[in-house]
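*Asks:* Next input, structure requested:
(2 chains)
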Protein chains: 2
Amino acid sequence: MNSPIGLFDSGVGGLTVAREIMRQLPNEDLVYFGDTARVPYGSKSKQTVLKYSRQIVRFLRTKDVKAIVIACNTASALALDEIAAEIDIPVIGVVKPGAKMAVETTKTGNIGIIGTESTIKSGIYNDYIRELNPDITVVSKACPLFVPLVEEGLLEDRVTEDIVARYLQEMKEYKVDSLVLGCTHYPLLRNTIKRFMGDGVRLVNPAFETAKSLKELLGEQGLLNPNRHKPEYEYFVSDGVDKFISFADSVLPIHVNDTKVIDIESY
Amino acid sequence: MNSPIGLFDSGVGGLTVAREIMRQLPNEDLVYFGDTARVPYGSKSKQTVLKYSRQIVRFLRTKDVKAIVIACNTASALALDEIAAEIDIPVIGVVKPGAKMAVETTKTGNIGIIGTESTIKSGIYNDYIRELNPDITVVSKACPLFVPLVEEGLLEDRVTEDIVARYLQEMKEYKVDSLVLGCTHYPLLRNTIKRFMGDGVRLVNPAFETAKSLKELLGEQGLLNPNRHKPEYEYFVSDGVDKFISFADSVLPIHVNDTKVIDIESY
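*Replies:* A predicted model of the protein is given here:
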């Protein structure tokens, strides 16, 4: 119960999930791994994403984690089921909690999903949503330029507006009223997406929902840390500590300075 | 002399270099490796790019190659010197040939270099150019959105024009008359870049210059294949054969169908 929670992402984006967990579970210690050397996962095959995820899980288990959060939508889409079947601690991804919230909030019954190429191609959001309610219409769209636009800092720019309008035109045509931001970078484009989609559309951020689900899951399994204490957060990456720290400083409520680089291929 | 030439790139872009070699050295067999699992290299650290390059060189040497072409600007910038010092066959990159051509063609003495973040940060184009002529002014600029725009197929689009204008405004202000397209994807934006820069600016494509330099080098060292024959081309990637083949079909004069996936991390 006093062990940390392990989180991983293809890079820095999963820190938005870490942030929600820090807020909603303030007694929990965390070990974060960002695969900054091999980022992005969104254009890779299932086979490769699964291989990388397994290496990361092996690394996280050396830290004696009590549960694993796959904070990357692509890895949640392509690797969660296999990982969960292979290990004996709870594993949670960001896809299911996001899909659940979308189903709970839609009134028109038309849900939009945006994400990386690999996430969308996997069809996993559709599968989860149809399991919850087979009458719902799911409109999904890969938005490969969103991550590079965010990384270039063009969060509110005429170019980003233009690209948002092209990718999301269909969502409007289908009268989607609940749109899942199915990639950790996308919540940073929330304002631009909101302006285009209009106030009637609910933007679902899986990071928030994931932290909520994690809290429930740990509670059910008696794994919540009962000790009120200043939590310990450890950060590991596979490349580029400087970049990671500067992104972390812009996302997290605390300063990160003890990030370590590890050789993830050796796990 | 009958052994193949080994080429590698972070992904598919190096096929533009392979194409030039096929044209200029029609008797040579080639082994191409594209690191499609770990692409892109342009945002990675020197340490990681060097590690990946060493793994790839070890793989290529299992194919008994007589020379190695680093067809990726970032790997040429960050790993060429170390690799060349470590092995006993010739190694050639794309940076030096591109830099040389830029120096030979400039009249104003102002050369522009565009490339990935890591290539530009390395300062290597500047170093080579200054070695050749210390009086030249080098204006360099990282253009991180160019690769995603090319991969999204937006070669001639108002968004691409807008981004080109922002990145290259400085090049105009400095009256650059020779601009090195220092990333294998950039020649695909040639028309849009040309329209913005104007006819007075020479666009240097390192792929073409590299094939020329390779021919000279193999000639000097007596390594040219003297046998007129239908050359053999072999392709290896670390992920995603389908995508690779479809890009290859759009770039190469021949159809590629026997691409193999290898586990590059094990080399």
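*Asks:* What are the boundaries of the helices in chain A?
*Replies:* A:15-24, A:46-61, A:73-86, A:95-105, A:117-122, A:124-132, A:146-151, A:158-173, A:190-197, A:206-220, A:241-251 (DSSP state H).
*Asks:* and the fifth one, what does it pack onto?
*Replies:* If you count contacts as 3 or more CB pairs under 8 Å, 6 or more residues apart in numbering or on different chains; DSSP states H and E, helix A:117-122 packs onto helix A:46-61, helix A:73-86, strand A:137-142. All C-beta atoms are positioned from the backbone trio N, CA, C, and that covers glycine.
*Asks:* contacting residues for the closest residue in space to residue A:140 that isn't next to it in sequence?
*Replies:* What sits nearest to residue A:140 in space, not counting adjacent residues and going by CB to CB, 6 or more residues apart in numbering or on different chains, is residue A:113, at 4.1 Å. Going by CB atoms under 8 Å, 6 or more residues apart in numbering or on different chains, residue A:113 touches A:102, A:120, A:125-126, A:138-141, A:179-180, A:182.
*Asks:* now with 10 Å?
*Replies:* Residue A:113 is in contact with A:73, A:95, A:98-99, A:102, A:119-120, A:123-126, A:129, A:138-142, A:171, A:176, A:178-182, A:204, counting by CB atoms under 10 Å, 6 or more residues apart in numbering or on different chains.
*Asks:* How about residue A:70?
*Replies:* If you count contacts by CB under 10 Å, 6+ apart, residue A:70 has them with A:6-9, A:14, A:17, A:53, A:56-57, A:76-80, A:83-84, A:91-95, A:210.
*Asks:* Is stretch A:183-197 in proximity to chain B?
*Replies:* No: if you take CB under 10 Å from any CB of the partner chain as the test, stretch A:183-197 misses chain B, and the best it gets is 12.6 Å.
*Asks:* rewinding a little: can you say which of the contacts of residue A:70 are buried?
*Replies:* Among the contacts of residue A:70, those scoring as buried are A:6-9, A:14, A:17, A:53, A:56-57, A:76-80, A:83, A:91-95, A:210 (criterion: 16 or more other CB atoms under 10 Å in any protein chain shown).
*Asks:* list the contacts for residue A:188?
*Replies:* A:13, A:16, A:146-147, A:149-151, A:153, A:155, A:181, A:250-251.
*Asks:* Now the buried members of those residues.
*Replies:* With neighbours counted by 16+ other CB under 10 Å, the contacts of residue A:188 contain buried members at A:13, A:16, A:146-147, A:149-151, A:181, A:251.
*Asks:* out of those, who's near chain B?
*Replies:* Applying CB under 10 Å from any CB to the buried ones among the contacts of residue A:188, those adjacent to chain B are A:146-147, A:149, A:151.
*Asks:* hmm, which helix or strand of chain A has the shakiest average pLDDT?
*Replies:* Ranking every helix and strand in chain A by mean pLDDT, DSSP states H and E puts helix A:241-251 at the bottom, with a mean of 86.
*Asks:* List the buried residues of that helix.
*Replies:* Using 16+ other CB under 10 Å as the test for burial, helix A:241-251 gives A:241, A:243-245, A:247-248, A:251.
*Asks:* I'd like to know how far the closest residue to residue A:4 other than its chain neighbours sits from residue A:264.
*Replies:* Here the nearest residue to residue A:4 in space, its sequence neighbours aside, is residue A:29; by CB to CB, 6+ apart that works out to 3.8 Å. Going from residue A:29 to residue A:264 by CB to CB, to the nearest Å gives 21 Å.
*Asks:* neighbours around the residue of the stretch 51-200 of chain A found nearest chain B, how many?
*Replies:* At 4.1 Å from chain B, residue A:148 is the closest residue in the stretch 51-200 of chain A, using CB to the nearest CB. Neighbourhood size, residue A:148 [other CB atoms under 10 Å in any protein chain shown]: 19.
*Asks:* Now do the contacts for the closest residue to it other than its chain neighbours.
*Replies:* Of all residues not flanking residue A:148 in the chain, residue B:148 sits nearest, at 4.1 Å (CB to CB, 6+ apart). Contacts for residue B:148 were tallied using CB under 10 Å, 6+ apart; they are A:144-149, A:151-152, B:40, B:154, B:185.
*Asks:* Report the buried members of the contacts of residue A:113.
*Replies:* A:73, A:95, A:98-99, A:102, A:119-120, A:124-126, A:129, A:138-142, A:171, A:176, A:178-182, A:204.
*Asks:* any idea how far residue A:136 is from residue B:12?
*Replies:* Counting by CB to CB, the separation of residue A:136 from residue B:12 is 37 Å.
*Asks:* Now do the contacts for the residue lying closest to residue A:132 once chain neighbours are set aside.
*Replies:* Excluding its sequence neighbours, the residue lying closest to residue A:132 (CB to CB, 6+ apart) is residue A:103, at 4.6 Å. The contact partners of residue A:103, taken as CB under 10 Å, 6+ apart, are A:109, A:111, A:128-133, A:136, A:178, A:204.
*Asks:* can you pick the most crowded of these?
*Replies:* residue A:111 (28 neighbours).
*Asks:* who does that one bridge with?
*Replies:* residue A:138, residue A:178 (DSSP bridges).
*Asks:* Got the confidence number for it?
*Replies:* As summarised for this prediction, residue A:111 has a pLDDT of 98.
*Asks:* And residue A:198, by the same measure?
*Replies:* pLDDT, residue A:198: 97.
*Asks:* Could you check how far it is from residue A:168?
*Replies:* The spacing between residue A:198 and residue A:168, counted by CB to CB, is 11 Å.
*Asks:* Looking at the two, which one has more neighbours?
*Replies:* For the pair residue A:198 and residue A:168, the greater number of neighbours falls to residue A:168 (22 against 9), based on other CB under 10 Å.
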